[in-house]
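> for reference, the sequence and a predicted model appear below.
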Amino acid sequence: MCRDSQEILKRCRCHGGRVRGFVRPRLLLQLSKKPAHGYELMEALGSEDFPTPDPSTLYRTLRQFEEEGLVHSTWDTGGGGPARRVYKLTDQGLKHLHAWAVNIRMTRERLTQFLTEYETRFEPV
């Protein structure tokens, strides 16, 4: 069982620090700022205070986004080095990002309700 918040994030089986599927809205938010290639997105997500997705998850998610019409990609052949696929958020992707924000707000409200009830019964940990 978890003894403190650091242990929760490192070893606990309750997965206290992870939000399943959260890479999706994080990617959409990054792409709402500017078009980017996969490596740029990995760097941007790695600089946040969240677990960084592995490259296979990132590229699989980007391919799914493209199939769903949330992003559009083109090949960037300019500059030195190999060609890179650049991803750009579509109007449908922006709507999807807004829907994520609504769902995250609702989840935050439910979590606040839970913590309020918990803290009335137990002393905060």
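Arrived safely, thanks for sending.

> just give the nearest non-adjacent residue to the most centrally placed residue in the chain, would you?
For the chain, Val23 is the residue whose C-alpha lies nearest the centre (Cα atoms, centre = their mean; 2.4 Å). Closest residue to Val23 apart from its sequence neighbours, by Cβ to Cβ, 6 or more residues apart in numbering: Pro53 at 4.6 Å. Where C-beta positions appear, they are placed from N, C-alpha and C, glycine not excepted.

> helix/strand/coil for that neighbour?
With DSSP: H, G, I helix; E, B strand; the rest coil as the basis, the three-state label of Pro53 is coil.

> rewinding a little: Arg60 is in contact with the residue nearest to the centre of the chain, correct?
No. Counting by Cβ atoms under 8 Å, Val23 stays clear of Arg60, with 10.0 Å between them.

> state the helix or strand in which Arg85 lies.
Element membership of Arg85, judged by DSSP states H and E, is strand 84-89.

> in that strand, what counts as buried?
Using 16 or more other Cβ atoms under 10 Å as the test for burial, strand 84-89 gives 84, 86-87, 89.

> do the same with stretch 95-107
Neighbour-count burial for stretch 95-107 flags 96-97, 100 (criterion: 16+ other Cβ under 10 Å).

> quick one on the thing from earlier: next SSE after the strand holding Arg85?
helix 91-121.

> pLDDT below threshold where in this structure?
Confidence mapping of the chain against pLDDT under 70 gives the ranges 1-19, 125.

> can we see that at 90?
Applying pLDDT under 90 to the chain flags residues 1-22, 46-53, 77-82, 123-125.
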